[in-house]
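> turn this into a structure:
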Amino acid sequence: MAGPHPAAPRRRGPAWPRRLGRRLLDAAGRAANPIINRFRASLQLRVVSSTLIASTILVLTFSFVVAGSVTSGLLTDRQTTAVDETVNAVERAAEQLGQYNTPTDPVLSQTMQRVVNELAEDPVFAPYILLTTSEGDVVKSNPVSDIDLPSGELRDLVRAGNVASQYATFDFADAPQMPYLIVGAPIALTVDYELYAFYPLDSEQDAISLLRTNLALAGIALVLLLGVIAALVTRLVVTPVREAARTSQRLAAGLLHERMEVRGADDLARLAGSFNLMAENLQSQIRRLEEMSMMQRRFTSDVSHELRTPLATIRMAADLLYDTRDDFDATTKRSTELLQHEIDRFEDLLQELLEISRFDSGFAALEVDAVDVNPIVEDVVAQHSALADECGVTVTVHRPARRVVAEVDSRRLQRIVRNLVSNAIEHAEGKPVEVTVAESETAVAVAVRDHGVGLKAGHADRVFDRFWRADPSRTRRTGGTGLGLAISLEDAKLHSGTLQTVGETGRGTLFVLTLPLQAGNRVITSPIPLRLDEEASDAH
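Below is the predicted model:
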């Protein structure tokens, strides 16, 4: 038994209509973007637009209601007058047609035409009259020819003995096509007759057209006037707000002397006064903080310099004791070794404080030279081999086979890589650490990736703060001061480069240092992406 046939592939139409449609949509979107952005950015434009839309809807509704009411009133009055005139015409016709007992009377036709002509010539009645009998259907009208019979619905109502009316459009021989009010009434005699009067509605139509034109012009003028009023009123409110926005932007740019102009004593004036008071308070606070920061920097710089002389003396004495430590007893020897170790840490802290003070005072300078980045990275990793063995961490270097030459300060670059590698080993928790070197046409990047504790949410923005540690209580082997990453960030900025980090708890941390290949240029993009899901070893 044969299996089911495979479904035939669906035929798709040509692709060019879809491409054309997408291009048209894209072009429309690009053309509308400036308008949308302008609409979002301007409060005055939104208020004026909303006012115009609301007033347009209101004016249109009012115009429809007024036009409908006036039109209904005119037509109702015209219908009442036409019915009265038609009833009078029926009475006059009945006087002349009452003597005929049969519709076949040869004089009846002439009499009916004479009655129609007399009624049509009377300025009180309608200019177009039609007279017919319900039995013989003898039709007489004025004009004599080219007049259409009313609708069968209207004629049925008249045959039933009713005075009825209907609106219709007719085109007579001596008049253009226009709407008419047709009023029909029966003439109850020996022979039943039907009289239909055609009342033109040209005057009513002209009045309604004039009314609609005037309503349209008045509505347009009213909408424009409301728009102008809304623009003027909104401008009175928006101008101080815009001035406050510009003043706040200048304050944010550092122009602390900027103030708003206070006019009058209304709410906007109180807003300007409150804004100026806030600006004055901010200026005083910022100045106080700047003075405190300057005093702190000066204190750090002065203390660091003043400590160098006594530290040099202590260093000389400690070196002398350390060199002769084998002559001491075990307790004194251990104390001498601890003294030497702590003096080394103190010297490192003092050196970093001096470096920080140079950055704060603006005296830090680069000693740029064209160097190969690969040997610098490998030397730093080799220097930390003992620490890596002590922590049980394997450090792997991924670098290009060719030389990566960049115009950098080799001492500062080495210090940055040293801080990153030691920090990664300390936080790796025995897991591997990858160091990657990559380059692009304009930049060189060094990435250090560990798979240890990682960073908690929000810690990536604080990891470069001075003296900040994610876990102060954690046991540290490197004896860090908390200034290494802060100094590394300043060194990167001094090169016009970037130092960024990303991390997640349990997945580790990635630091990416990016420096321009040529001194004086700025970093636009990094050769190594700042993502944990992409290993640093895959970026070179």
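> which residues are in contact with residue 510?
447-449, 501-503, 530-532, 536 (C-beta atoms under 8 Å, 6 or more residues apart in numbering). C-beta: built from backbone N, CA, C; applies to glycine.
> again, only this time at 7 Å
447, 449, 501-503, 530, 532, 536 (C-beta atoms under 7 Å, 6 or more residues apart in numbering).
> relative to residue 204, which of the residues you listed is nearest.
residue 530 (79.0 Å; C-beta to C-beta).
> now that closest one. Its backbone dihedrals?
Note on residue 530: backbone dihedrals following degrees, to the nearest 10 are phi -90, psi 70.
> shouldn't it be in contact with residue 499?
No: assessed by C-beta atoms under 7 Å, residue 530 is found out of contact with residue 499, at 10.6 Å.
> related to what we said a few turns ago, restricted to strands, list the contacts of residue 510.
447, 449, 501-503 (DSSP state E).
> just to revisit the earlier point, turn the contacts of residue 510 into JSON lines, including neighbour count.
Output for the contacts of residue 510, formatted as JSON lines (neighbours: other C-beta atoms under 10 Å):
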{"residue": "447", "neighbour count": "27"}
{"residue": "449", "neighbour count": "27"}
{"residue": "501", "neighbour count": "21"}
{"residue": "502", "neighbour count": "17"}
{"residue": "503", "neighbour count": "24"}
{"residue": "530", "neighbour count": "17"}
{"residue": "532", "neighbour count": "17"}
{"residue": "536", "neighbour count": "26"}
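> report how many residues lie close to residue 382.
11 (other C-beta atoms under 10 Å).
> whichever strand or helix holds it - what's its average pLDDT?
Using DSSP states H and E, residue 382 falls within helix 373-383. Helix 373-383 shows a mean pLDDT of 92.
> for that helix, the distance to its chain's centre please.
48 Å (C-alpha atoms, centre = their mean, to the nearest Å).
> so which of the contacts of residue 510 is the closest to residue 365?
Out of the contacts of residue 510, the member with the shortest distance to residue 365 (by C-beta to C-beta) is residue 501, at 26.2 Å.
> ok, and the closest non-adjacent residue to that closest one?
Distance criterion C-beta to C-beta, 6 or more residues apart in numbering; nearest residue to residue 501, sequence neighbours excluded, is residue 511 at 4.9 Å.
> surely the one you found is in a helix?
No: per DSSP: H, G, I helix; E, B strand; the rest coil, residue 511 lies outside any helix segment and is strand.
> in the sheet, who's paired with it?
residue 448, residue 501 (DSSP bridges).
> burial of it, as a residue count?
Other residues close to residue 511 by other C-beta under 10 Å number 27.
> I'd say it and residue 445 touch.
No: assessed by C-beta under 7 Å, residue 511 is found out of contact with residue 445, at 10.5 Å.
> hang on, the earlier thing: residue contacts, the residue nearest to residue 501?
Applying C-beta under 7 Å, 6+ apart, the residues near residue 511 are 420, 447-448, 499, 501.
> residue 18: which of those is nearest?
Out of the contacts of residue 511, the member with the shortest distance to residue 18 (by C-beta to C-beta) is residue 447, at 43.1 Å.
> so how far is residue 465 from residue 483?
Between residue 483 and residue 465 the computed distance is 10 Å (C-beta to C-beta, to the nearest Å).
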